[in-house]
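[1] Starting from these lines, generate the structure:
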Amino acid sequence: MNATLKHEELYRTKELLEKMRRLELIICGAGAIGSNLVENLTRQGFETIDVIDMDRIEAHNRHTQIWTTRDIGQLKANSLKNYVWNSTGIMITSIPKKLDKANIKVLFTHPAIIIDGFDNVESRKLVTEYCNQNSFECLHIGLFKDYAEVIWNDKYRIPDDTQNLDVCEYPLARNIVLMAIVVATESLIAYANNKEKKSFVITLNDLKILAI
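    Coordinates of the predicted model:
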C-alpha cells in the first residue's frame, strides 16, 4: 500500500485510483483555483498534470492560494511543481507561459481534460471556444463573491465582464474557493471512474451545492 494514499486506498478501489493516476489533466491558471486544486488532486492520487500560468507570486496571494512568504516573486507554475514534489513526491509539469492563440494548439493535447481556472473573461473565452472547436473535454471552475460554479463545457456559458472585479480580493474568497475545489475534485473523480460529467453551482451564504 502506498503510504501517501493510505486513506484513499481504504476508501476507493484500486481500479479507480489507477484511473485517477492515469487521467491526463491540463490546468489553466495556478492562482486561487489552480494552486489549491492541484494540491488537492495530487494528495488524492492524480499524477498526470500540466499547469499553465505566466504570473509570479505576490504577497497578497498567500491568503487565497497555497504560497508562503518564501515563494513571493517566484513563478507560480514552477513553485507549484516544487510544492507538489515536496509534499507528495509527484512530478507534475509546469508551463510558465501565457496561454494564447499562438500556442494553445501546442499546449493542449488529446486526450487531456482541460481545467479552466482562469480569472479573466478573455482567457476563459479562448479556452472555451478552442475546446468546443477541437473536441476537448473541459471543466470550468469560476468564482464571484459568495458564488462558485463547476461546470463542464457542454453546459458552460462565458460570463460577461461588466463587473471587472477580482474575486481573489473578496474577504470571504478563501471559503468559496475551497468549497469549489472539493466539488471540482469529486467531479473529476466521477469522470475518471466512468466518464460521468457532473456540473454544480455553489453558494456560500446558505451553504448549498446544487447539481445542474
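
[2] Run the chain-centre distance for stretch 61-79.
    16 Å (C-alpha atoms, centre = their mean, to the nearest Å).

[3] same thing with stretch 137-154?
    Distance, centroid of stretch 137-154 to centroid of chain: 10 Å (C-alpha atoms, centre = their mean).

[4] mean confidence score for stretch 102-113?
    What stretch 102-113 shows for mean pLDDT is 97.

[5] contacts for it?
    23-26, 50, 52, 95, 97, 99, 114, 126-127, 130-131, 134-139, 188, 191 (C-beta atoms under 8 Å, 6 or more residues apart in numbering). From N, CA and C alone the C-beta is placed, and that goes for glycine too.

[6] Buried subset of the residues you listed, written for PyMOL?
    Restricted to buried positions by 16 or more other C-beta atoms under 10 Å, the PyMOL selection for the contacts of stretch 102-113 reads:
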select buried, resi 23+25+26+50+52+95+99+114+126+127+130+131+136+137+138+139+188+191
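
[7] among the contacts of stretch 102-113, which are in strands?
    25-26, 50, 52, 95, 114, 138-139 (DSSP state E).

[8] ok, I66 - how many residues close by?
    I66 has 22 neighbouring residues, counting by other C-beta atoms under 10 Å.

[9] Just give the closest residue to it, not the sequence neighbours.
    S35 (4.6 Å; C-beta to C-beta, 6 or more residues apart in numbering).

[10] buried ones in the top helix by length along the chain?
    In the chain, with assignment by DSSP state H, the single longest helix is helix 173-194. Burial within helix 173-194, assessed by neighbour count using 16+ other C-beta under 10 Å, is assigned to 173, 176-177, 179-185, 187-189, 191-192.

[11] show me where the protein has helices.
    Going by DSSP H, the chain shows helices at 6-11, 14-22, 32-42, 76-88, 104-107, 121-134, 173-194.
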